[in-house]
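**Q** A predicted structure for the sequence below; I have some questions about it.
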Amino acid sequence: MLPKKIIVCNTIHPFMTGGSELFTNKLVEELNRAGHNAILVTMPFILKFNKESLEKTCKPWIDLNLSKLADVVIPLRFPTWLVNHPNKVVYLNHQLRIAYDLYDKPYGPKHSEIAFEASKYVAKMDRSLANAKKIFAVSKNVQSRLKQYSGIESELLYHSLPNEELHYPGTYGDYILSVGRLVPMKRVDLLIKAMALTKTPVRCMIVGEGADRPRLEKLIEDLNVKNKVELTGWVLPERLIDLYAHSLCSFYAPVDEDYGLVTLESFKSAKPVITTQDAGGVLEFVKHDINGWVFPEDAEMFARAMDTLYLNRELACTMGKAGLESVEHINWKNCIKRLEEYF
């Protein structure tokens with residue numbers, strides 16, 4: 001294939017970095033590694049959930065005409081697919097969930113006339129997705145939501161990790177690893193509650209920062225588990241890879257996650273994952289009693305599982321290897337090759 005000029009389009013939340021941002025930067029890097037000339041175009045996404053705010057957020061993308069600047073544009077998140085270009089290959093990270101599955105739910109806006117009008121506007125803007133040359137979705141969960149709420153088909157295309165080549169299986173240590181933003185939807189409090197119920201010396205390391213940290217710190221103090229729970233904040237990528245490699249397993253129980261890089265990072269490190277029955281994209285990989293455990297939101301069940309792994313490192317190893325085998329086919333080479341078929 002001849003090299004293409006490619007513009008990847010994404011929004012940014014100022015001073016916030018998560019899986020989506022890491023994926024975006026790595027996608028641009030891998031497109032360039034494949035011989036293309038790829039750049040990233042971003043705009044801040046600062047939103048109050050009302051129609052007026054949404055119109056102001058969408059207008060710059062509607063007015064942005066990249067037709068003469070690139071052969072292909074790859075929009076990733078709302079509202080980047082409103083950009084003007086005849087060859088849009090959408091790689092859907094997720095839609096604006098507060099307008100759909102999170103609307104009038106505990107983690108989204110409460111129903112009101114203002115919120116309802118906002119959600120209708122988002123749905124209207126998302127209809128433009130049907131004009132894309134091709135739509136890929138990062139997970140079955142994202143794919144399913146797009147079909148359910150917008151009536152639009154897409155193709156599943158798993159992407160790999162920001163540091164795909166660096167993950168390695170290490171030892172099976174004495175700690176459970178939790179990685180991610182400290183926000184209620186990640187349910188880190190469930191891990192802390194479980195640690196208070198464990199009967200072995202198993203401990204946990206919680207990597208990440210976020211608005212939920214003060215509440216989690218208070219919970220740690222209230223449950224008297226300071227000796228078993230460590231909040232590390234964010235750590236350097238090299239340190240994180242080592243933490244994965246030498247953990248006992250990963251705790252990852254978000255609410256209806258889009259994809260969940262933590263699952264992939266754990267499995268690429270040959271570590272099992274403990275999650276919940278409503279974890280969304282995580283469940284596309286974690287199989288109960290095979291490469292991890294899938295439980296109800298029950299701290300006692302999580303505690304028993306953690307104790308079991310602490311007392312049986314051989315089981316942790318067997319499950320971890322099963323996880324590694326299940327994701328060996330997911331790599332950037334395959335991902336970019338499939339995208340290129342629509343350039």
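**A** That came in fine, so what should we check first? Numbering: from 1, shown residues only.

**Q** ok, now how distant is the closest residue to residue 45 other than its chain neighbours from residue 80?
**A** Nearest in space to residue 45, with sequence neighbours left out and distances taken as CB to CB, 6 or more residues apart in numbering, is residue 11 at 3.7 Å. (Each C-beta comes from the backbone N, C-alpha and C, glycine too.) Going from residue 11 to residue 80 by CB to CB, to the nearest Å gives 6 Å.

**Q** again with residue 61
**A** Distance, residue 61 to residue 80, using CB to CB: 6 Å.

**Q** Could you check which of the two has the larger neighbour count?
**A** More crowded of residue 61 and residue 80, by other CB atoms under 10 Å: residue 80, with 24 against 20.

**Q** State the three-state secondary structure for the residue of the chain positioned farthest from its centre.
**A** Residue farthest from the centre of the chain, counting by CA atoms, centre = their mean, is residue 68 at 32.6 Å. Counting by DSSP: H, G, I helix; E, B strand; the rest coil, the backbone at residue 68 sits in coil.

**Q** what pLDDT does it get?
**A** For residue 68, the pLDDT comes out at 94.

**Q** Over to residue 260?
**A** As predicted, residue 260 sits at a pLDDT of 89.

**Q** cool, residue 20 as well?
**A** We have a pLDDT of 81 for residue 20.

**Q** Which stretches in the stretch 151-300 of the chain count as strands?
**A** 155-156, 175-179, 203-207, 229-233, 249-251, 273-276, 292-295 (DSSP state E, counting those that start in this stretch).

**Q** Sketch out the low-pLDDT regions of the stretch 1-150 of the chain for me.
**A** For the stretch 1-150 of the chain, applying pLDDT under 70 flags no range at all.

**Q** Now the terminal residues of stretch 172-185, how far apart.
**A** End-to-end span of stretch 172-185 (CA to CA, to the nearest Å): 28 Å.

**Q** Relative to the whole chain's centre, how far out is it?
**A** On the basis of CA atoms, centre = their mean, to the nearest Å, stretch 172-185 sits 14 Å off its chain's mean C-alpha point.

**Q** which stretch among the strands of the stretch 151-300 of the chain comes nearest residue 108?
**A** Proximity to residue 108, assessed across the strands of the stretch 151-300 of the chain by CB to CB, is greatest for strand 273-276 (18.6 Å).

**Q** quick one: buried residues of the closest one?
**A** Neighbour counts over strand 273-276 (16 or more other CB atoms under 10 Å) mark 273, 274, 275, 276 as buried.

**Q** Just to be sure, the residue nearest to residue 45 is in a strand?
**A** Yes - applying three-state DSSP, one finds residue 11 inside a strand.

**Q** Quick check: beta-bridge partners of it?
**A** Counting by DSSP bridges, residue 11 forms beta bridges with residue 43.

**Q** For it, the count of nearby residues, please.
**A** Neighbourhood size, residue 11 [other CB under 10 Å]: 23.

**Q** Quick one: classify residue 81 as helix, strand or coil.
**A** helix.

**Q** measure the most centrally placed residue in the chain to residue 203 for me?
**A** Closest to where the C-alpha atoms of the chain average out (CA atoms, centre = their mean) is residue 260, at 3.6 Å. Residue 260 is 23 Å from residue 203, where distance means CB to CB.

**Q** Equivalent analysis for residue 101, please.
**A** Distance of residue 101 to residue 203, computed by CB to CB: 34 Å.
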